[in-house]
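K.L.:
When you get a sec, could you give me coordinates for this:
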Amino acid sequence: MTGIKKKELEIKLEGIPTHPDPDPDLEQYSTPSPIAADILFKAYFDGHIKGKKIADLGCGTGIFSIGSAYLGARSIESIDIDGEAIRIAVKEAEEWSFSDVIDFKVKDIKEFETYVETVLMNPPFGSQKRGADLPFLKKAFEISEVVYTIHNAETERFLEKFIKERGHSLFWEKRYMFEIGNMFEFHEKERKSFEVISYGINVMRE
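P.N.:
Prediction:
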């Protein structure tokens, strides 16, 4: 898509609803639209979205899926274990007229076997269950050539070792302040910000 501006995409993505009743165990933190738009534009200008087959693992209400379709992805396989998140994502894709491009399914990542060119994802950060993001990374490495992913910046050293020990290479990284509202009972403040790191990963295929 020519002439599209990142700010324009960001404003459009702001309209995608967040989960109305998120589960703390699943760490359903919706990706803020400025972060999603920035990562999507990086992937787009690196040639990893337009015309590509994409997977969105743990898609939530569909911000990466819908953004990818808007930027010209050929097809998107989007999965989440939460049926309510998928219901919202399907409705939103219909409103954007992307139902023919995005296939949303209620599915555990263990069951996902479709080979794609690019994975875009915001997995659980592991705040409630340590290492909750690792199954998402492992699955992404199994099924794709390139991965764009977001993680808690505190786990940076461990993650980079985890990625490199498996023979994969980082071609991009960027830090963001990730802001969440008072979503759960244990959140004492109205809003909370914490640092996350996004990686672009080239997957080594055997």
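
K.L.:
Correct me if wrong: residue 140 contacts residue 118.
P.N.:
No: because the distance of 9.6 Å does not satisfy C-beta atoms under 8 Å, residue 140 is recorded as not touching residue 118. Just so you know, the C-beta spots here come from the backbone N, C-alpha and C atoms, and that holds for glycine as well.

K.L.:
Where does residue 103 sit: helix, strand or coil?
P.N.:
Going by DSSP: H, G, I helix; E, B strand; the rest coil, the secondary structure assigned to residue 103 is strand.

K.L.:
quick one on the thing from earlier: who touches both of residue 140 and residue 118?
P.N.:
With contacts taken as C-beta atoms under 8 Å, 6 or more residues apart in numbering, residue 140 and residue 118 have 55, 147 as neighbours in common.

K.L.:
Identify the residues contacting the most centrally placed residue in the chain.
P.N.:
Centroid check for the chain by C-alpha atoms, centre = their mean gives residue 121 as the closest residue, at 2.2 Å. Under the criterion of C-beta under 8 Å, 6+ apart, the contact partners of residue 121 comprise 55-59, 64, 136, 140, 147-150.

K.L.:
Which residue, other than its chain neighbours, is closest to it?
P.N.:
In space, residue 121 comes closest to residue 57 once its chain neighbours are excluded; the distance is 4.4 Å by C-beta to C-beta, 6 or more residues apart in numbering.

K.L.:
next one: residue 102
P.N.:
Of all residues beyond its chain neighbours, the one nearest residue 102 is residue 76 (4.5 Å), with distances taken as C-beta to C-beta, 6+ apart.

K.L.:
Over to residue 177?
P.N.:
What sits nearest to residue 177 in space, not counting adjacent residues and going by C-beta to C-beta, 6+ apart, is residue 193, at 4.9 Å.
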